[in-house]
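# Quick one, what's the 3D model for this:
(one chain, ligands or ions: 1)
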Amino acid sequence: MKFEVLTLFPEMFEPINTSIIGRAIEKNLIEINLINIRDFSKDKHKKVDDTPYGGGAGMLMKPDVVWDAWNSVKSKNAKTIYMSPKGKTLTQAKVEELAKEEHLIILCGHYEGIDQRVIDSIECEEISIGDYVLTGGEIPAMVLIDSVSRYVSGVLKQGSKTEESFSNDLLEYPQYTRPEEFLGIKVPEVLTSGNHQNIEKWRRQKSLEITLKNRPELLKKANLTEEDKIFLKEIEAKSNENMNFS
Ligand code: 4G1
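Alright, predicted model coming up:
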C-alpha cells in the first residue's frame, strides 16, 4: 500500500517510522511518500498562504500551489482523501474500505484550510477524525495511515487479537499481566482459575459494563444475547438503587 502525503510540514510525520508502522515500512509492506507543498510555490519567498476574500481571521493555502502539488502525484488508480473537519467521520468500516486501495493520496490542510476551488477540482473524499479544532490535517493523516496500515496483510501478526477488535461493537474488557499482585491489587481470580468458560463470561460482562458506562450508544448496534440484556438490566437496576434522593 502506497500513501502519498501532501503537506506543508513533512517533518511532522517522523514519528510514524516507529513501532509496528516503522517495521511495515522496513518490510516494504507500506510506503509513505511525503510531498512538501511548499516546493510547488513559484513565489520567490516560497509563499503558500494568502488572506481570505470577504475578510476574516487567518490565512488560506493558495490554490495554485496545492493544485500543482496534487497534480505532481495524481494517478488514475489513486484515491485522494482530504483530511478536513467538514468530512464524514472516520470509522472502522471506512478504515477497512480504504485498506482495499493500493494507492492513497492524502491532502493535509493547514492554517484555515484550502481554497474551495481546489477541493472542488481534485476528485477527493473529505474525511474527519472527529469534532475538535486542530492546527492542521497532519495528525489526522497519521491517524488514517496508522489505522489503515493495520489491515495491510503482514503488518500485524497472523490472527493477532487486535485484528478483531471493534468487531463486536463493544469496548474492551480490562486486561492484566504479571505480577499477580501489583500496588496491593490482585489480578481478578477468575483470570488465573484456568476456567475458560468463566473467563469468557467475566470478560463479556466487563465489556458490557464499561460500554454501558462510557459509550451507551454503542449498545444499540451491538449483537446482544438475552443473557447480555439481563446482565445490563441488573447493572442499571443496581445503579438506580443509589439514586434514591428522598
Ligand atoms: C471548524 C479536526 C474548524 C480538524 C470546526 C479533525 C474544526 C482534519 C481535521 C475546525 C481537522 C472544527 C480533522 C478546525 C483540521 C484546516 C487546517 C482545517 C486545520 C483545520 C470542528 C482547522 N480531521 N482542521 N480547523 O480544526 O484539518 O481531519
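# which helix is the longest one in the chain?
Scanning the chain for the helix with the most residues, using DSSP state H, yields helix 196-214.
# In terms of helices and strands, where is the residue most central in space within the chain?
Most central residue of the chain, judged by C-alpha distance to the mean C-alpha position with C-alpha atoms, centre = their mean, is residue 143 at 4.3 Å. When elements are assigned from DSSP states H and E, residue 143 belongs to helix 138-149.
# May I have that helix exported as PDB, CA atoms only?
Provided in PDB are the C-alpha atoms of helix 138-149 (Å, rounded to 0.1, in the frame of the first residue of the first chain):
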ATOM      1  CA  GLU A 138      -1.200  16.200   9.600                       C
ATOM      2  CA  ILE A 139      -2.200  14.400  12.800                       C
ATOM      3  CA  PRO A 140      -5.500  13.200  11.200                       C
ATOM      4  CA  ALA A 141      -3.500  11.900   8.300                       C
ATOM      5  CA  MET A 142      -1.200   9.900  10.600                       C
ATOM      6  CA  VAL A 143      -4.300   8.500  12.300                       C
ATOM      7  CA  LEU A 144      -5.700   7.400   9.000                       C
ATOM      8  CA  ILE A 145      -2.300   5.900   7.900                       C
ATOM      9  CA  ASP A 146      -1.900   4.100  11.200                       C
ATOM     10  CA  SER A 147      -5.500   2.700  11.200                       C
ATOM     11  CA  VAL A 148      -5.500   1.600   7.500                       C
ATOM     12  CA  SER A 149      -2.000   0.100   7.700                       C
END
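# coming back round to it: quick one: contacts of the longest helix of the chain?
The contact list for helix 196-214, computed with C-beta atoms under 8 Å, 6 or more residues apart in numbering, reads 168, 170-174, 188, 190-191, 193, 218-219, 222, 228, 231-232, 235-236. C-betas here are computed from N, CA, C, even on glycine.
# excluding its backbone neighbours, what's nearest residue 145?
Take residue 145 and drop its neighbours on the chain: the residue closest to it by C-beta to C-beta, 6 or more residues apart in numbering is residue 3, 5.4 Å away.
# partner residues bridging that neighbour?
Using DSSP bridges, the beta-bridge partners of residue 3 come out as residue 32, residue 104.
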